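# this is the structure alone, sequence omitted:
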């Protein structure tokens, strides 16, 4: 991995976050330790432990909303430990390197409920992953473009969609082969039988301008 470029990016992040060491006590400290245990799962990515990890940290009716979901019931917007195991196993196999900035974690506790937010990054060096290489991404774009030409829509709209798809791929890889995406992760904890468990978990990506997904009539 290009360590110089990554170090420069991490310095930018540190300057924005204004590094601090969080001081937690009581239930806040317990929640902080839960966040660390959650992060440890993403560091180790031991598929043989994913079921134990889920059952230790997540409520049996946990709701998870990931970034790859539009409607409730989509693959990354589901409820329950069984689907959580499936989702996290998929994440640990395919998701980029996840880094939690735990020193900047925000934790609030009120009675038997707690909220926590964490800034994180997902990093990929596309030259080290064959299916994420520039060539692979260009080929996927060409396949999407072929599909667009077969859709029943106006020629003008089709051409704009083709330009948008192709230019997006070219623009992203022209910037750098190192991809670092900022992610916001929010947790809702509940206390059951004196034990704090994750009741809801939400991953989201910041955006500027038009949202990435739009619902249209066709």
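Cool, got the structure. Remember, predicted model here, so these are calculated numbers, not experimental data. Numbers count the residues shown, from 1 in each chain.

# the longest strand seen in the chain packs against which elements?
In the chain, assigned by DSSP state E, the strand with the most residues is strand 178-192. Here strand 178-192 touches helix 3-17, helix 26-44, strand 113-125, strand 195-204, going by 3 or more Cβ pairs under 8 Å, 6 or more residues apart in numbering; DSSP states H and E. Where you see a C-beta, it was placed from the backbone N, CA and C, and this is true even at glycine.

# again, 6 Å this time
Contacts defined by 3 or more Cβ pairs under 6 Å, 6 or more residues apart in numbering; DSSP states H and E place strand 178-192 against strand 113-125, strand 195-204.

# where in the chain is the helix or strand with the lowest mean pLDDT?
Least confident helix or strand, the chain: helix 3-17 with a mean of 91, by mean pLDDT, DSSP states H and E.

# who does the longest strand of the chain pair up with?
Take DSSP bridges as the rule and strand 178-192 pairs in its sheet with strand 113-125 (antiparallel), strand 195-204 (antiparallel).

# would you turn the ones you listed into a markdown table with mean pLDDT and mean neighbour count?
Formatted as a markdown table, the strands paired with strand 178-192 follow (pLDDT from 0 to 100; neighbours: other Cβ atoms under 10 Å):
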| stretch | mean pLDDT | mean neighbour count |
| --- | --- | --- |
| strand 113-125 | 96 | 18 |
| strand 195-204 | 98 | 18 |
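
# picking up where we left off before, can you convert the helices and strands packed on strand 178-192 into CSV and add a column each for distance to residue 67?
Below are the helices and strands packed on strand 178-192 laid out as CSV (distance: least, Cβ to Cβ, whole Å):
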stretch, distance to residue 67
strand 113-125, 9
strand 195-204, 5
